[in-house]
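# Give the three-dimensional model of this entry:
(one chain, ligands or ions: 1)
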Amino acid sequence: MKCLVLGGGGFIGSHICDHLVAAGHEVRVFEKVGLSKANVLHLHEKIEWMEGDFLNPDCLRGAVKDAEIIFHLISATIPRDSNDNPVYDITSNIIPTLHLLEAARSAGVRKIILSSSGGTVYGIPRKIPISEEHPTEPICSYGIHKLMIEKYLFLYHKLYGLDFAVMRISNPYGERQRQTGNQGVVPIFLSKVMHGETIEIWGDGSVVRDYLHISDVARAAVMMTEARLPKKILNIGSGIGMSLNALLAEIQKVTGLAPNVRYTSCRPFDVPANILDIALARDTLGWGPRVDLTDGLRATMEYLRNIGKDPAVS
Ligand SMILES: NC(=O)c1ccc[n+]([C@@H]2O[C@H](COP(=O)([O-])OP(=O)(O)OC[C@H]3O[C@@H](n4cnc5c(N)ncnc54)[C@H](O)[C@@H]3O)[C@@H](O)[C@H]2O)c1
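So this is what the prediction gives:
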């Protein structure tokens, strides 16, 4: 199939490109003007690279031409900064997504697959593990915008028959995730441990998250292209909870190096625990995680060793 990957040069998108190419699909990546192609350089003869701005409806119309499946992986904000300017969060994520949906229905696109957020749409959990039926009460604007996009996908499906699928992803980690990013503790912690630097933890380290290796996320995304799902919104996680302190202990085991940790005050938008119930994805998509945390950490460590230290790591 002809697949358009919006944000295909980024962390999650580049892994989805790998899996799409391996499965024999045609891939067009839509990316920011001038973004480094490093994450997909190995695919350069196998994919089409198109540059433009997601916020520009003309660029989007050009990108969706001839596409059958669209992976929507662009977000102008992250959970941490989204509450600083909710107006920007909505205008830079929702309005361009509506232009995308309009362009997609005009172009006769079959399906849109959204990278939503299992870590933020539910808010503070009332029950663990969190199923897709759990109330949605985000405590950051980012979670609200992801939910809003899910609702518009539902609306365009009802109105125009544009099919969709949503991945509510937990905490993806792995190769090509930035060591300097504001999202994704695994490469940040690994890199600091490998370079003998101090890790700052907001809170006492008891915050529990559900870490999923990126290859499992990409495999789920590609399985969604052809799946006929009775329910279109699926949690994509490991289903296993791990505290930050337990993650550090696992990192120590894998690297053989003891982390230096400084604990500081916790952040208001961090939910205390997030573990996804992945039964629906197992039962209806036939998907489940394959890479356990130890193997995933080893692969990420090898990747970080090979690329060397990011100069922006403080
Ligand atoms: N990483 C996570 O922890 C996580 C968890 C759940 C959901 N998500 C969602 O998954 C998606 C991908 O996340 P990621 O971690 O791969 O992020 P990323 O930043 O690595 O990739 C996103 C890509 O989008 C591109 N992009 C951003 N703005 C653009 C614009 N205006 N025009 C064209 N391209 C633009 C960027 O250049 C980047 O390569 C996002 O929507 C994110 O909200 C991420």
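# how close does V109 sit to G9?
Separation of V109 from G9 (CB to CB, to the nearest Å) stands at 21 Å. C-beta: built from backbone N, CA, C; applies to glycine.
# next one: A218
Going from A218 to G9 by CB to CB gives 14 Å.
# now do D210
For D210 relative to G9 (CB to CB), the value is 26 Å.
# Would you mind giving the domain segments of the protein?
2-171+212-236, 175-210+239-276+291-307 (automatic domain parsing).
# between these, which one is nearest to T284?
T284 lies closest, by CB to CB, to one member of the domains of the chain: domain 2-171+212-236, at 5.6 Å.
# and that closest one, does that touch the ligand?
Yes. Using CB under 6 Å from any ligand atom, we find that domain 2-171+212-236 touches the ligand at 7, 9-13, 31-32, 35, 53-55, 73-76, 115, 117, 169, 171.
# Among those, the buried ones, what's the PyMOL command?
Filtering these down to the buried ones (16 or more other CB atoms under 10 Å) takes a single PyMOL command:
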select buried, resi 7+9+10+11+12+13+31+54+73+74+75+76+115+117+169+171
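# State the phi and psi torsions of the residue nearest to Y211 when sequence neighbours are not counted.
Nearest residue to Y211 in three dimensions, chain neighbours excluded: N171, at 5.0 Å (CB to CB, 6 or more residues apart in numbering). Torsion angles at N171 (phi, psi; degrees, to the nearest 10) stand at phi -120, psi 90.
# what residues are up against N171?
G119, G184, V185, V186, R209, D210, Y211, L212, G237, N274 (CB atoms under 8 Å, 6 or more residues apart in numbering).
# Can you list phi and psi of the closest residue to K192 other than its chain neighbours for me?
Nearest residue to K192 in three dimensions, chain neighbours excluded: I199, at 4.9 Å (CB to CB, 6+ apart). Phi and psi for I199, reported as degrees, to the nearest 10, are phi -100, psi 130.
# quick one: I199 and P259 touch, right?
Yes. Because the distance of 5.5 Å satisfies CB atoms under 8 Å, I199 is recorded as touching P259.
# Overlap of the contact sets of those two?
With contacts defined as CB under 8 Å, 6+ apart, the residues shared by I199 and P259 are F189, K192, V193, L248.
# Tell me which two in the residues you listed are the farthest apart.
Farthest pair in the shared contacts of I199 and P259 (CB to CB) is K192 and L248. Separation: 10.3 Å.
# can you give me the helices in this protein?
11-22, 57-64, 79-82, 86-107, 141-160, 185-194, 214-226, 244-255, 279-280, 293-307 (DSSP state H).
# which one of those lies closest to G123?
helix 141-160 (7.0 Å).
# what number of residues lie near Y173?
Neighbour count for Y173, taken as other CB atoms under 10 Å: 26.
# Closest residue of the stretch 151-300 of the chain to the ligand?
I169 (3.9 Å; CB to the nearest ligand atom).
# Please read the previous query as pertaining to the chain.
G10 (2.0 Å).
# my guess is that residue contacts L73, does it?
Yes. Contact criterion CB under 8 Å: G10 and L73 qualify, at 6.4 Å.
# Show me the shaky parts of this protein.
Along the chain, the parts satisfying pLDDT under 70 run over 181-182, 309-314.
# mind redoing it with 80?
180-183, 267-270, 308-314 (pLDDT under 80).
# returning to that earlier point: okay, the domains of the chain in CSV with distance to R282 next?
Formatted as CSV, the domains of the chain follow (distance: least, CB to CB, whole Å):
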stretch, distance to R282
domain 2-171+212-236, 10
domain 175-210+239-276+291-307, 9
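# most tightly surrounded among these?
Among the domains of the chain, ranked by average contacts under mean count of other CB atoms under 10 Å, first place goes to domain 2-171+212-236 (a mean of 19).
# End to end on that domain, go ahead and measure it.
By CA to CA, to the nearest Å, the extent of domain 2-171+212-236 from end to end equals 24 Å.
# roughly how far out does it sit from the chain middle?
8 Å (CA atoms, centre = their mean, to the nearest Å).
# How about stretch 286-300?
Distance of stretch 286-300 from the chain centroid (CA atoms, centre = their mean) equals 16 Å.
# Can you show me the CA trace of it as PDB?
Extracted C-alpha coordinates of stretch 286-300, given in PDB (Å, rounded to 0.1, in the frame of the first residue of the first chain):
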ATOM      1  CA  GLY A 286      -3.300 -10.200  17.600                       C
ATOM      2  CA  TRP A 287      -0.400  -8.000  18.900                       C
ATOM      3  CA  GLY A 288       1.700  -8.300  22.000                       C
ATOM      4  CA  PRO A 289       5.100  -7.000  23.100                       C
ATOM      5  CA  ARG A 290       8.100  -9.200  22.100                       C
ATOM      6  CA  VAL A 291      11.100  -7.300  23.500                       C
ATOM      7  CA  ASP A 292      11.600  -7.400  27.200                       C
ATOM      8  CA  LEU A 293      13.100  -4.500  29.100                       C
ATOM      9  CA  THR A 294      16.500  -6.000  29.600                       C
ATOM     10  CA  ASP A 295      16.900  -6.700  25.800                       C
ATOM     11  CA  GLY A 296      15.400  -3.300  24.900                       C
ATOM     12  CA  LEU A 297      17.800  -1.500  27.300                       C
ATOM     13  CA  ARG A 298      20.800  -3.400  25.800                       C
ATOM     14  CA  ALA A 299      19.800  -2.500  22.300                       C
ATOM     15  CA  THR A 300      19.400   1.200  23.300                       C
END
